[in-house]
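# Everything below, folded, please.
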Amino acid sequence: MPQLPAPDYPDDVRARLEADGREIIARYPDSRSALLPLLHLVQAEEGHVTRTGQQFCADLLDLTTAEVAAVVTFYTMYRRRPSGDYQVGVCTNTLCAVMGGDAIFEELQEHLAVGNGETTDDGKVTLEHIECNAACDFAPVVMVNWEFFDNQTPVSAKRLVDDLRAGRPVEPTRGAPLCSFKETARILAGFPDERPGAVEASGGAGPASLVGLRLARGEAAPARVVHPREGGPHTEPRDGAVHDPSPGEHLSSHDAPQDTSASDPAHPAGPTAEEGE
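Numbers count the residues shown, from 1 in each chain. You can find the predicted model right below:
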């Protein structure tokens, strides 16, 4: 059955959101580009993106509700149903899963009596699995409202959600102090975080993530190269000379860019034929 039109916001709420929305739109040369932060803005109002919020964004940007809904349903950061004050995301991608992420997620589901994407009865915690938190060197990682809680275990993760539900103070491993999901959504809409010390708080990547940067800055020792055939480690020549491989040597494609036929003689490949030839 066709749905009735979405109800509008109360006049005072709409006036406040319109003022904020105009400020967001003014940041962009094309008003349509403001849709993502506008969706965060309406999510900050109700904790998820309602049909009313979608209609508001469509009206402000002169879009159809179908165009807005297409974006809302594409990005997982936008919630389409009521959710908790704290979005607890457990990374279950390969490395975190191997290091214990799967076990953490399973135990939290049982501990909280919720499934993936579901919210506890008290409205405090929404649990979900996340494909990657981009913090592999701290695996397994749990995020709460997009703040990092590194090197978790089932025991520490259960203690974390218990503290959140009880209202006890919780400190992320790195990054800004924790705030509610609605407050997080407003910050993602592009408005300043006015909490004392929140902006100054920071948390960098781990040592494994920074190796490449250190090498680029000349801060790390030269990498040791292991020849794929001979297997003997050696350092790069100090005089800058380039090693010229003999015809019997088999270089890996990781050692230097080469044609497929040169890097893998067992599977030579000629030029790619044009379609139809």
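# Tell me the helices and strands packed up against the strand or helix carrying residue 37.
Using DSSP states H and E, residue 37 sits within helix 35-46. Packing partners of helix 35-46 (3 or more Cβ pairs under 8 Å, 6 or more residues apart in numbering; DSSP states H and E): helix 11-25, helix 51-61, helix 65-72, helix 181-188. Quick note: C-beta positions are derived from backbone N, CA and C, even for glycine.
# what residues does it touch?
Helix 35-46 has contacts (Cβ atoms under 8 Å, 6 or more residues apart in numbering) with 9, 13, 17, 20-21, 24-25, 49-50, 52-54, 56-57, 60-61, 63, 68, 71-72, 75, 77-79, 182-183, 185-186, 188-190.
# Mean neighbour count, mean pLDDT and distance to residue 218 for the helices and strands packed on helix 35-46 - can I get that in CSV?
As requested, the helices and strands packed on helix 35-46 are exported to CSV (neighbours: other Cβ atoms under 10 Å; pLDDT from 0 to 100; distance: least, Cβ to Cβ, whole Å):
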stretch, mean neighbour count, mean pLDDT, distance to residue 218
helix 11-25, 14, 93, 42
helix 51-61, 21, 94, 48
helix 65-72, 16, 93, 44
helix 181-188, 20, 91, 36
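# export the ones you listed to a markdown table and tack on distance to residue 83?
Output for these, formatted as a markdown table (distance: least, Cβ to Cβ, whole Å):
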| stretch | distance to residue 83 |
| --- | --- |
| helix 11-25 | 20 |
| helix 51-61 | 14 |
| helix 65-72 | 14 |
| helix 181-188 | 7 |
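# Tell me which of those helices lies nearest to residue 105.
helix 181-188 (19.2 Å; Cβ to Cβ).
# I'd like to check what contacts the closest one. Which residues are they?
By Cβ under 8 Å, 6+ apart, helix 181-188 touches 37, 40-41, 43-45, 47, 77, 83-87, 145-146, 179, 193.
# hey, C-alpha coordinates of that helix in PDB?
C-alpha atoms of helix 181-188 as PDB (Å, rounded to 0.1, in the frame of the first residue of the first chain):
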ATOM      1  CA  PHE A 181      25.300   8.900  19.000                       C
ATOM      2  CA  LYS A 182      23.200  12.000  18.400                       C
ATOM      3  CA  GLU A 183      26.200  14.200  19.400                       C
ATOM      4  CA  THR A 184      28.400  12.300  17.100                       C
ATOM      5  CA  ALA A 185      26.000  12.700  14.200                       C
ATOM      6  CA  ARG A 186      26.000  16.500  14.700                       C
ATOM      7  CA  ILE A 187      29.800  16.600  14.600                       C
ATOM      8  CA  LEU A 188      29.800  14.500  11.400                       C
END
